[in-house]
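Enquirer: what's the 3D shape of this:
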Amino acid sequence: MARYIGPKTKIARKFGEAIFGADRALVRRKEMKGKRRSFKQSEYGIQLKEKQKAKYTYGILEKQFHNLFDKASRKGGITGEVLLQLIESRLDNVVYRLGIAKTRNQARQLVSHRHITVNGSVVNIPSYMLKVGDMVGVRERSKSLEVVTESVASRQSFSWLDWDTNKMEGKFLNYPERSEIPENIKEQLIVELYSK
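Expert: Just a heads-up that it's a prediction; the model follows:
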């Protein structure tokens, strides 16, 4: 199981936004920032930076990201939007969006440690692609975990997900529209990069 485990503030500083969540070091660095030598970035550089930002935000490595792009380009519709919809339908991302985990890394760990069920059976693959109507829940003996109870108490709600607090179970209602996805990603630049 590969994932990025390096310095997160350094990566967030490269993109100029807190892609891994709130970061005091990033805020402090912006306040201290003086004049820097600026240079004009090429079109390719801008596109590559956008793709890397999407990969780091969702915690996906290159090969998996490229496979998702291929799948999105074969589907009908706008390729960039379909790509984001496919990424949003990954199990680790849905666990994060349902509020079972506070971060995507924590959601990935909960899935791989067998705390999450899909349609009643345990699934330990973070990249598992959910279908419309799938039920994602917390395993019965994992419902009392402190990490899960704290996260559920401070959860946000999304229109494409339905959450039942009593059962600690959520339903993947439909693929989200682009306007419903809160991530600051310019998917068209990613499409242009892969189209070269």
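Enquirer: For burial, what's the neighbour tally of residue 89?
Expert: Residue 89 is flanked by 20 other residues according to other CB atoms under 10 Å. Every residue, glycine included, has its C-beta placed from N, CA and C.
Enquirer: And the pLDDT at it?
Expert: Note on residue 89: pLDDT of 94.
Enquirer: Isn't it up against residue 133?
Expert: No: counting by CB atoms under 8 Å, residue 89 does not reach residue 133; the two are 11.8 Å apart.
Enquirer: and for these two, which residues touch both?
Expert: Common contact partners of residue 89 and residue 133 (CB atoms under 8 Å, 6 or more residues apart in numbering): residue 172.
Enquirer: Endpoints of stretch 150-157, how far apart?
Expert: With CA to CA, to the nearest Å as the measure, the first residue of stretch 150-157 is 16 Å from its last.
Enquirer: Packing partners of the helix or strand where residue 14 lies?
Expert: Element membership of residue 14, judged by DSSP states H and E, is helix 8-15. With contacts taken as 3 or more CB pairs under 8 Å, 6 or more residues apart in numbering; DSSP states H and E, helix 8-15 sits against helix 24-32, helix 43-58.
Enquirer: Low-confidence regions, the chain specifically.
Expert: Low-confidence segments of the chain, defined by pLDDT under 70: 1-2, 23-38.
Enquirer: Show me it divided up by domain.
Expert: Residue ranges of the domains in the chain are recorded as 8-86+183-194, 90-174, according to automatic domain parsing.
Enquirer: how about stretch 174-185: buried residues?
Expert: Of all the residues in stretch 174-185, those buried under the rule 16 or more other CB atoms under 10 Å are 175, 176, 181, 185.
Enquirer: for stretch 41-60, same thing?
Expert: 47, 49-60.
Enquirer: Would you map the strands across the chain?
Expert: According to DSSP state E, the chain carries its strands in the segments 116-118, 121-122, 135-138, 161-164, 169-172.
Enquirer: coming back round to it: which stretch among the domains of the chain is buried most, on average?
Expert: Counting by mean count of other CB atoms under 10 Å, domain 90-174 has the highest mean neighbour count of the domains of the chain, with a mean of 17.
Enquirer: Need the distance between the two termini of it.
Expert: Chord length of domain 90-174, first to last residue, is 13 Å (CA to CA).
Enquirer: For that domain, what is the distance to the chain centroid?
Expert: 13 Å (CA atoms, centre = their mean, to the nearest Å).
Enquirer: Could you find the closest non-adjacent residue to residue 186?
Expert: Once its chain neighbours are removed from consideration, residue 186 has its nearest residue in residue 50; the separation is 5.3 Å (CB to CB, 6 or more residues apart in numbering).
Enquirer: isn't that neighbour right up against residue 189?
Expert: Yes: the pair residue 50 and residue 189 passes the contact test of CB under 8 Å, sitting 4.1 Å apart.
Enquirer: could you list every residue that touches the spatially most central residue of the chain?
Expert: Centrality entry for the chain: nearest residue to the mean C-alpha point is residue 58, 3.3 Å, by CA atoms, centre = their mean. Under the criterion of CB under 8 Å, 6+ apart, the contact partners of residue 58 comprise 87, 90, 93, 104.
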